[in-house]
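Peer 1: Next input, structure requested:
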Amino acid sequence: MNLSWPILLSGLLAFLCGSIPFGLIFTKLKGHGDLRAIGSGNIGATNVLRTGDKKLAALTLACDLLKGLIPVLIAQHYGTDLAAAAALGAVLGHIFPPWLGFKGGKGVATAAGVLLAFSWPVGVAALATWLIMAVIFRYSSLAAIVATASTPVFTYFFDDPSKIVTVAIIAVIVIWRHQSNIVRLCRGQEDKIGSKKKQA
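Peer 2: Numbers count the residues shown, from 1 in each chain. As a prediction, this is how the structure comes out:
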């Protein structure tokens with residue numbers, strides 16, 4: 001990928017779009033307080049669910065997904081390199097929002113939106129993997145890790161292998177953000193989906 005100004009601009013605009021903290025905004029507007037003081041402290045839909053507001057969690061999930069999907073869909077009209085830059089930018093924006101001191105979410109929903117736009121067969125396969133793992137084990141983090149780790153393989157079989165590098169980078173970033181979850185899973189301390197228990 002040549003880092004020309006259109007590619008850098010695509011990545012920057014996607015970063016700004018991805019950095020919108022919908023979960024934090026919605027919970028404050030609904031009167032649930034600061035989402036960062038609830039549950040895991042994460043700003044994503046899984047933590048919004050810990051407020052007990054399922055509709056708000058679903059809305060957060062949809063918006064976090066769309067802020068990954070829309071920039072990539074737009075960028076694709078101008079080339080694969082711009083789409084790849086937008087894909088990386090949107091995920092990084094969610095994880096490192098400048099408005100929150102670069103402390104954001106874990107990028108799962110935004111990465112799902114990115115994948116659905118960048119490579120829809122891979123996005124669908126990843127979502128199916130997440131759903132199966134979540135239903136069986138009821139750990140959102142485990143489902144996210146397995147689904148994300150599978151995306152480079154899905155890309156190889158279901159889409160253009162030239163996209164593997166971008167998909168693999170996104171997978172590494174998202175899994176890296178789940179370090180604390182991996183530790184809790186190994187210790188048997190991870191909260192299951194729907195749990196309101198406060199995590200350390």
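Peer 1: from the chain's centre, how far out does the longest helix along the chain sit?
Peer 2: Secondary structure assigned by DSSP state H gives helix 54-76 as the longest helix of the chain. Taking C-alpha atoms, centre = their mean, to the nearest Å, the mean C-alpha location of helix 54-76 is offset from the chain mean by 9 Å.
Peer 1: and if you look at stretch 86-96?
Peer 2: That offset, for stretch 86-96, works out to 9 Å (C-alpha atoms, centre = their mean).
Peer 1: For that stretch, give the mean pLDDT please.
Peer 2: Averaging pLDDT along stretch 86-96 gives 97.
Peer 1: Flag the helix or strand of this protein with the lowest per-element mean pLDDT.
Peer 2: When each helix and strand of the chain is scored by mean pLDDT, DSSP states H and E, helix 45-49 comes last, with a mean of 87.
Peer 1: Quick one: list the elements packing against that one.
Peer 2: Applying 3 or more C-beta pairs under 8 Å, 6 or more residues apart in numbering; DSSP states H and E, we find helix 45-49 packed against helix 22-29, helix 54-76. In short, each C-beta sits where N, CA and C put it, glycine included.
Peer 1: Name the residues of the shortest one that are buried.
Peer 2: Looking back up the chat, that one is helix 22-29. When neighbours are counted by 16 or more other C-beta atoms under 10 Å, the buried residues of helix 22-29 are found to be Phe22, Gly23, Leu24, Phe26, Thr27.
Peer 1: Correct me if wrong: Tyr30 contacts Ala57.
Peer 2: Not quite, residue 30 is Lys, not Tyr. No - taking contacts as C-beta atoms under 8 Å, Lys30 lies outside contact range of Ala57: 10.9 Å.
Peer 1: Contact partners for the closest residue to Thr51 other than its chain neighbours?
Peer 2: Nearest non-adjacent residue to Thr51, counting by C-beta to C-beta, 6 or more residues apart in numbering: His32, 4.6 Å away. Applying C-beta atoms under 8 Å, 6 or more residues apart in numbering to His32 gives the contacts Ile38, Thr51, Asp53, Leu56.
Peer 1: give me the element His32 is part of.
Peer 2: Assigned by DSSP states H and E, His32 falls within no helix or strand.
Peer 1: for it, phi and psi?
Peer 2: phi -90, psi 0 (degrees, to the nearest 10).
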